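K.L.:
Coordinates only, no sequence provided:
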Ligand code: DGJ
């Protein structure tokens, strides 16, 4: 069965993933409308879906249709996806269907406006269990664009609606919230010019009954790394719909004649297997259709930022590199303060040459030493930023985002370079390309440490800056095939599908406290897979929170993603270094299952499952006497199979692991943890 089919008689398009269907058609006035998003339908069933809902309930309502992009034409009162002003002040789009094309799971439905020289193509692409949607706009006249969303999504009418999303801030990203979707409008947004720590551009909606393992969940995620907005509407009459796209409210841009605008992808997934099923769908999508190098096992990183801060020098980096190699690190990353006059956050950003006092012979001796120790070498960069106290800013004060006549707000003593200016993007490409070409640099940690303010001149820089960053990273990757990149924005401020399409992992948070990390990682895992979640083991007490957590627990939390080490190894005891080396060896053993297997969140841990192995990490934080944890119920196993614990030799029935669970050796104080490795014995059938 092809993934896209068309019923000409009813003008119905059916998109099918293996486990779901999406159906669109034309509404009462020819506007494209969503007719179904849910379980699999045949084309005959899709063609029979009710449509043409006629007028509204009163002269204060419109028809109850689910527009694919809500415009300001006719009796439409939900949040608009497109806010367009044509010459002469006409708003909205009066849709006229032109034609469509279907090519290998990719559907384009083309429309024009009935009265204006204006065209919109709606794109749909089936990618595994996910449907990608975006739109392309063209105009023969200048159009003022106040809003230009990628897509609007609607779920079937349910008794109730619950919204899942994440909230947070710097060092507290990905706080999962599940709340009733209120009647009215709910806006999730970033006005900061990055996808942000405070929210993340995805939503999940369910009927209030879904659990981790059961129930229907509809979710969408936006592939964009700048400002964004998703507006959900629950009407008093009981419908739920949402529209989303790039840019925040109030931005004004002009679509000029001859230009073609393409919105970012706003992708959707339907799960009949609860939140866990939704997350697994997204993880598979990211692996199969987003990441440039999905199948590579992410290396064990050592990064000394928390150990030495701005006090970087060749000597301390060499000494740390030796210890890092001894504990099993595979990639040594030198963080901030290796360049220009950067000895604090007050100066030097923009002057991208090795600090002559810290690296008198350049970077080559350190890079050679790291390679000699058997590790790859990575370097921290923050190409989009400049300290006013830098040679670059003194030479090019006009290169930063600013608004004429307004103060230039500094955050962390830095300003943002305007990558929408071709000369700025070219300058960045020039020094990055030279740096990577002239040194054996295997990895860049690409940081972005402040929000945008006074972004200008012109509102389009909010969009064009991000596009220029994408183009730059894409070009670097194309020219340097072995280069790998970590997306970072003061921690997880740029965790999104847009960055993941051109990077290999994300620095999930500047908070490395294992206790806090469990929650941050749980929120992260809702959409993004373990292999891209960089997670360091750092010192105890933790430099940010002051909390003391045993080394083993810290490792067991970080092993749930792409393990790294960020502690000051120069101060670790020899016992800690040996224990760390042993834990890194175990991590390397389980890494293929963690990175490439299926991930299931459990009550107080996480399970990874591949064809021939099961790995469970479980954590108990602060414990209260008299409240023992229930046995940990596993999931997704073969009930007929017997599983052998690789460390103890104990045999467990799959059926019992799933129904009665594993009793784990947790307890005996705060912050205890276990790692279980199971193998099917193939003897149970
Ligand atoms: C913020 C990052 O998240 C940290 O890991 C570190 O790279 C600092 N920036 C350096 O300034």
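P.N.:
The structure has been received and is ready for your questions. This is a predicted model, so every value here is computed, not measured. Residues are numbered from 1 along each chain as shown.

K.L.:
Return the residues of the stretch 401-550 of the chain in contact with the ligand.
P.N.:
Residues of the stretch 401-550 of the chain lying close to the ligand (Cβ under 6 Å from any ligand atom) are 447, 449, 488, 490-491, 507, 510. Every residue, glycine included, has its C-beta placed from N, CA and C.

K.L.:
how about TSV for the residues you listed, with secondary structure and pLDDT added?
P.N.:
As requested, those are exported to TSV (DSSP: H, G, I helix; E, B strand; the rest coil; pLDDT from 0 to 100):
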residue	secondary structure	pLDDT
447	coil	98
449	coil	98
488	coil	98
490	coil	98
491	coil	98
507	strand	98
510	coil	98
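
K.L.:
what's the span of stretch 141-157, first residue to last?
P.N.:
Separation of the first and last residues of stretch 141-157 by Cα to Cα, to the nearest Å is 39 Å.

K.L.:
re the thing from before, show me which pair in the residues of the stretch 401-550 of the chain next to the ligand is furthest apart.
P.N.:
449 and 507 (11.5 Å; Cβ to Cβ).

K.L.:
out of these two, which sits in the more crowded spot?
P.N.:
Set side by side, residue 449 and residue 507 show more neighbours around residue 507, with 27 against 22, by other Cβ atoms under 10 Å.

K.L.:
Who are the contact partners of that one?
P.N.:
445, 486-488, 491-492, 534 (Cβ atoms under 8 Å, 6 or more residues apart in numbering).

K.L.:
again with residue 215
P.N.:
With contacts defined as Cβ under 8 Å, 6+ apart, the neighbours of residue 215 are 206-207, 209, 272, 274.

K.L.:
The contacts of residue 507: which two are farthest apart?
P.N.:
Maximum pairwise distance among the contacts of residue 507 (Cβ to Cβ): 13.2 Å, between 445 and 492.

K.L.:
list the contacts for residue 121?
P.N.:
108-111, 135-136.

K.L.:
Swap in 6 Å and give it another go.
P.N.:
Residues counted as contacts of residue 121 (Cβ atoms under 6 Å, 6 or more residues apart in numbering) are 108, 110, 136.

K.L.:
What about residue 151, how many residues nearby?
P.N.:
Burial of residue 151 is recorded as 28 neighbouring residues (other Cβ under 10 Å).

K.L.:
Then residue 357?
P.N.:
Residue 357: 9 surrounding residues under other Cβ under 10 Å.

K.L.:
which residues does the closest residue to residue 99 other than its chain neighbours bridge with?
P.N.:
With Cβ to Cβ, 6 or more residues apart in numbering as the criterion, residue 99 has its nearest non-adjacent residue at 5.5 Å, and that residue is residue 110. With DSSP bridges as the criterion, residue 110 is bridged to residue 99, residue 121.

K.L.:
who touches residue 110 in this structure?
P.N.:
Residue 110 sits next to 98-99, 121 when contact means Cβ under 6 Å, 6+ apart.

K.L.:
circling back: so if I had to pick from residue 445 and residue 492, which one is more boxed in?
P.N.:
Shown here are residue 445 and residue 492; by other Cβ under 10 Å, residue 492 has more neighbours (32 against 24).

K.L.:
Quick check: chain neighbours aside, which residue is closest to that one?
P.N.:
Excluding the flanking residues, the one nearest residue 492 by Cβ to Cβ, 6+ apart is residue 173, at 4.1 Å.

K.L.:
how far away is that neighbour from residue 529?
P.N.:
Here the criterion is Cβ to Cβ, to the nearest Å. By it, residue 173 lies 16 Å from residue 529.

K.L.:
again with residue 604
P.N.:
The value you get for residue 604 to residue 529, if Cβ to Cβ is used, is 21 Å.

K.L.:
Equivalent analysis for residue 190, please.
P.N.:
22 Å.

K.L.:
One more: residue 6?
P.N.:
According to Cβ to Cβ, residue 6 and residue 529 sit 34 Å apart.

K.L.:
more crowded one of the two?
P.N.:
Taking neighbours as other Cβ under 10 Å, residue 6 and residue 529 compare with residue 529 leading, 26 against 17.

K.L.:
need the contact list for the more buried one.
P.N.:
Contacts of residue 529 by Cβ under 6 Å, 6+ apart are 283, 286.

K.L.:
where exactly do the helices run in the chain?
P.N.:
Along the chain, the stretches classed as helices by DSSP state H are 43-47, 274-285, 305-308, 314-327, 364-372, 391-395, 422-438, 461-479, 497-500, 514-524, 551-558, 574-596, 654-659.

K.L.:
re earlier: list only those of the residues of the stretch 401-550 of the chain next to the ligand flagged as buried.
P.N.:
Buried subset of those (neighbour count, 16 or more other Cβ atoms under 10 Å): 447, 449, 488, 490-491, 507, 510.

K.L.:
a markdown table for these, including distance to residue 624?
P.N.:
Shown next, in a markdown table, are these (distance: Cβ to Cβ, whole Å):
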| residue | distance to residue 624 |
| --- | --- |
| 447 | 40 |
| 449 | 39 |
| 488 | 37 |
| 490 | 35 |
| 491 | 31 |
| 507 | 33 |
| 510 | 30 |
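
K.L.:
Which single one of those is nearest to residue 408?
P.N.:
For these, the nearest to residue 408 is residue 449 (16.0 Å; Cβ to Cβ).

K.L.:
How about residue 57: what's its closest non-neighbour residue?
P.N.:
Using Cβ to Cβ, 6+ apart, the closest residue to residue 57 is residue 237 (6.9 Å).

K.L.:
So what's the residue count around the one you found?
P.N.:
Residues lying near residue 237 (other Cβ under 10 Å) number 11.

K.L.:
if we can go back for a sec, show me the contacts for the residue nearest to residue 492.
P.N.:
Contacts of residue 173 by Cβ under 6 Å, 6+ apart are 197, 492, 509, 520.

K.L.:
Equivalent analysis for residue 442, please.
P.N.:
Shown in contact with residue 442 (Cβ under 6 Å, 6+ apart): 376-377.

K.L.:
how about 7 Å then?
P.N.:
By Cβ atoms under 7 Å, 6 or more residues apart in numbering, the contact set of residue 442 is 331, 376-378, 482-484.

K.L.:
Whichever of the residues you listed end up buried, select them in PyMOL.
P.N.:
This is how PyMOL selects the buried members of the contacts of residue 442, with burial counted by 16+ other Cβ under 10 Å:
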select buried, resi 331+376+377+378+483+484
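
K.L.:
from the contacts of residue 215, which would you call buried?
P.N.:
Buried positions within the contacts of residue 215, assessed by neighbour count (16+ other Cβ under 10 Å), are 206-207, 272, 274.

K.L.:
Next, format these as JSON lines and append pLDDT and distance to residue 382.
P.N.:
JSON lines is the format used below for the buried ones among the contacts of residue 215 (pLDDT from 0 to 100; distance: Cβ to Cβ, whole Å):
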{"residue": "206", "pLDDT": "98", "distance to residue 382": "39"}
{"residue": "207", "pLDDT": "98", "distance to residue 382": "44"}
{"residue": "272", "pLDDT": "98", "distance to residue 382": "43"}
{"residue": "274", "pLDDT": "98", "distance to residue 382": "40"}
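
K.L.:
Can you lay out those as TSV showing distance to the ligand?
P.N.:
As requested, these are exported to TSV (distance: Cβ to the nearest ligand atom, whole Å):
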residue	distance to the ligand
206	33
207	38
272	38
274	33
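
K.L.:
with these in mind, which one is nearest to residue 213?
P.N.:
Taking Cβ to Cβ as the measure, residue 213 sits nearest to residue 274 out of these, at 4.7 Å.

K.L.:
Closest residue of the protein to the ligand?
P.N.:
residue 336 (3.6 Å; Cβ to the nearest ligand atom).
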